[in-house]
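Peer 1: Build the 3D model from these lines:
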Amino acid sequence: MFAVVTIAGQQFRVQENDELFVHRLEGKAGDSVEFSDVLMTSNGGNITVGGAVKSVVKAEIIDHLKGDKVLIFKKKRRKGYQKLNGHRQALTKIKIQGIA
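Peer 2: Take a look at the predicted model:
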């Protein structure tokens, strides 16, 4: 069984015991969270889509961490202009407990 669920503005295809990195969520490590914005479920060959989906995805927060550094480099040739910026995205690692 799998489901397509919206978590923190992004869509993920999840199954039980999956571990995902999502944008930072509220809560501490060890807390459980529920996501009710389920777009589609599939149980064997039975697919449910749209408003008929009445499922909830339950997950546990494992850890809060930062992603890899992304460097943004801007340059205008022959003008002496260079700009280097870096960014590390705040992420949360979650483990899917089940789809109810």
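Peer 1: Centroid-wise, who is the farthest residue in the chain?
Peer 2: The C-alpha centroid of the chain is most remote from Arg78, which lies 42.0 Å away (C-alpha atoms, centre = their mean).
Peer 1: Can you tell me the element that residue falls in?
Peer 2: Arg78 belongs to no helix or strand when assigned by DSSP states H and E.
Peer 1: For Val22, see how far away Ser36 is.
Peer 2: Ser36 sits 15 Å away from Val22, going by C-beta to C-beta, to the nearest Å. All C-beta atoms are positioned from the backbone trio N, CA, C, and that covers glycine.
Peer 1: of the two, who's got more company?
Peer 2: Each of Ser36 and Val22 has its neighbours counted (other C-beta atoms under 10 Å); Val22 has more, 17 against 11.
Peer 1: Kindly provide the distance from the spatially most central residue of the chain to Val38.
Peer 2: Among the residues of the chain, the one closest to the centroid is Val22, at 2.9 Å (C-alpha atoms, centre = their mean). Separation of Val22 from Val38 (C-beta to C-beta) stands at 15 Å.
Peer 1: Alright, that wraps it up for me.
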